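*Asks:* Take this sequence and fold it.
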Amino acid sequence: MKRDLLPTEKNIIETLKNDSIERNKQVKQVLDIISNDFKDGGVIFIDGKWGSGKTFFVKQLQHILDCESGLKIINSELSNYGTINIDITEPMMTLYFNAWENDFHMDPLLSMTHKLISASSGYVYQGDVIKKNQSVFIRMSKVIKFVSGGRYDISEFESEKQDTFKVIEVQEEIHSIFNRLVDSILAERANRLVLFIDELDRCKPDYTVRLLERLKHVLNNDKITTIISVNLDELGATVKKLYGETFNHNNYFNKFYDLKIHLDEINRFDYLVQQDSDKLAFLSQYVFNVSVSCSLEYFNLSLREINEYKIYIDKLKSLLKGNSFHIPRKNSVNFIAWIIVPYLIALKISNDSIYKSVTKGRNSSDFTQYYFSDKMMLDLCDYVLSIDNQNSEKEMKLNYEDDFKKIYNFLFTSMHTEFEQIKILNTLFNKNSKDMISRVLKSLK
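*Replies:* Numbering: from 1, shown residues only. Okay, here's the model as predicted:
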């Protein structure tokens, strides 16, 4: 299983149909904005942290726009958008540009021109058909010759592809070529272009700034609506590498976008369950479910990290099924499976160095702090360790702190021999407990 929910057509259709990542409402919102509020062009920044599903989100937008604009041969399955009611009033051509995959190019605008020509195969320029089976170079040379009015013929440079665009020395001419190319393609295909720019925050600093600055000169084309999906915090850090830590990156970014939209948070636990085809682990034990949910929220795991969490759940499934779900409370193996395992998985994904310090017996504070993070975790521990305690949360912390340190030391340090046992409240920790934690840690390697 991959860590990312890949934006395949199948996954896009399923998530729209079932709203399994609970983003349909925001997809509908952005589509309405594109269709109704940005008819004369403009730039929208979609801001979300790394791993939050930005790429998948824009691919959902692109799929729907392509279907509704007749750019895909669609059937009832492809056009099943679940709860989204579509009202696209004009045909729009879409273009997806992965900035990170192209940041080795000197000129971002030439990379986009390349992508645009690739997407326009099958159309005629000045009586010359641009065919898909032709090399990208040949297609590009024909189009550039056409849109530059014959001023630039680069076909003779095919054997020197690295130096192909040295013949285009004036940047303003490249801007003109791109805009005229857009106009030529749209005349035959659609009313306007929706340009999706993704992964900008992962690019090299100089390329990031170069792309933004180059876009200024084409984004004033009222036939282009641009969607830039980005982590603005990371993008700010990237730009500061060029201009220094005191540089006001927010003011800098303001000149590039007309609207900023924050990607909605999802229900992390619901998303995790959706990734489990048999739902075995999540239908068997309520306490385990709540504990998993608490761990996902406490460590603020992204979609990408939740997918990784699911991989570890799969690796531990036989342990969880065989040792925990049908054994009654007052059992240390249950405590490990229901309460400790979710914490360890989330901690390993979130911060592997702290995970190593905890599991090697050198960091009891992180372990105890997690369980005192909110009342829900203390209630879960109450339930599993089987003590009726009506005290306040503050008093419970005082009662529990020493006990949690004892549990930690017994499971993760070598100060206790395998023949020893300790009793915490009504639950006995013994050799079986040590064996269980050893098997868990082995599975998490």
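
*Asks:* Am I right that Tyr298 is in contact with Ser373?
*Replies:* Yes. Between Tyr298 and Ser373 a contact is recorded at 5.7 Å, counting by CB atoms under 8 Å. Every residue, glycine included, has its C-beta placed from N, CA and C.

*Asks:* okay, the two: which has more neighbours?
*Replies:* Between Tyr298 and Ser373, Tyr298 has the larger neighbour count (other CB atoms under 10 Å), namely 18 against 13.

*Asks:* how far away is that one from Ile349?
*Replies:* Per CB to CB, to the nearest Å, Tyr298 is found 12 Å from Ile349.

*Asks:* Run through this protein and note the low-pLDDT ranges.
*Replies:* When residues are selected by pLDDT under 70, those of the chain lie in 1-4, 71-83, 120-173, 217-219, 276-284, 321-330, 386-399, 415-419.

*Asks:* which residues in it form strands?
*Replies:* When secondary structure is read from DSSP state E, the chain shows strands at 42-47, 92-98, 124-125, 128-129, 192-198, 224-230, 259-262, 422-424, 427-429.

*Asks:* Looking at the ones you listed, which is nearest to Leu16?
*Replies:* Among the strands of the chain, strand 92-98 comes nearest to Leu16, with 15.9 Å by CB to CB.

*Asks:* Neighbouring strands - and their directions - for that closest one?
*Replies:* In the sheet containing strand 92-98, its partner strands are strand 192-198 (parallel), by DSSP bridges.

*Asks:* So what touches the partner strand?
*Replies:* 34, 39, 41, 54-55, 58, 61-62, 65, 90, 92-100, 112, 182, 185-186, 211, 215, 223-229 (CB atoms under 8 Å, 6 or more residues apart in numbering).

*Asks:* contact partners of stretch 202-211?
*Replies:* Contacts for stretch 202-211 (CB under 8 Å, 6+ apart): 99-100, 103, 107-108, 197, 200-201, 234-235, 238-239, 241-242.

*Asks:* how about a cut-off of 10 Å?
*Replies:* When contacts are defined by CB atoms under 10 Å, 6 or more residues apart in numbering, stretch 202-211 is touched by residues 50, 97-109, 111-112, 197, 200-201, 228, 230-231, 234-235, 237-243, 252.

*Asks:* Would you confirm that Lys260 contacts Phe45?
*Replies:* Yes. Lys260 lies in contact with Phe45 (CB atoms under 10 Å); the separation is 4.6 Å.

*Asks:* Give me the common contacts of those two.
*Replies:* Joint contacts of Lys260 and Phe45 (CB under 10 Å, 6+ apart) are 228, 230, 232, 253-254.

*Asks:* among those residues, who's most crowded?
*Replies:* Ile228 leads those on contacts (other CB under 10 Å) with 29 neighbours.

*Asks:* which one of Lys260 and Phe45 has more residues nearby?
*Replies:* Ranked by neighbour count (other CB under 10 Å), Lys260 and Phe45 place Phe45 first, with 22 against 15.

*Asks:* can you tell me how far that one sits from Leu385?
*Replies:* For Phe45 relative to Leu385 (CB to CB), the value is 49 Å.

*Asks:* And for Asn36?
*Replies:* 57 Å.

*Asks:* And those two? Which one has more around it.
*Replies:* Between Asn36 and Leu385, Leu385 has the larger neighbour count (other CB under 10 Å), namely 22 against 11.

*Asks:* Just to check, the more buried one is in contact with Tyr371?
*Replies:* No. Between Leu385 and Tyr371 there is no contact under CB under 10 Å: 11.2 Å.

*Asks:* Between those two, which contacts overlap?
*Replies:* Common contact partners of Leu385 and Tyr371 (CB under 10 Å, 6+ apart): 339, 400, 407.

*Asks:* Rebuild the residues you listed as TSV, extending it with neighbour count and distance to Ser291.
*Replies:* Shown next, in TSV, are the shared contacts of Leu385 and Tyr371 (neighbours: other CB atoms under 10 Å; distance: CB to CB, whole Å):
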residue	neighbour count	distance to Ser291
Ile339	24	6
Tyr400	23	16
Ile407	27	15
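
*Asks:* So which of those sit within helices?
*Replies:* 400, 407 (DSSP state H).

*Asks:* just to revisit the earlier point, which of the strands of the chain sits most buried?
*Replies:* strand 224-230 (a mean of 26; mean count of other CB atoms under 10 Å).

*Asks:* what angle sits between that one and strand 42-47?
*Replies:* Angle of strand 224-230 versus strand 42-47, following axes from the mean of the first three to the mean of the last three CA atoms, to 10 degrees, is 10 degrees.

*Asks:* Neighbouring strands - and their directions - for strand 224-230?
*Replies:* strand 42-47 (parallel), strand 192-198 (parallel).

*Asks:* Please report the distance of the closest residue in space to Asp40 that isn't next to it in sequence from Phe367.
*Replies:* Spatial nearest neighbour of Asp40, chain neighbours left out: Asp222 (4.5 Å); criterion: CB to CB, 6 or more residues apart in numbering. Distance from Asp222 to Phe367, counting by CB to CB: 58 Å.
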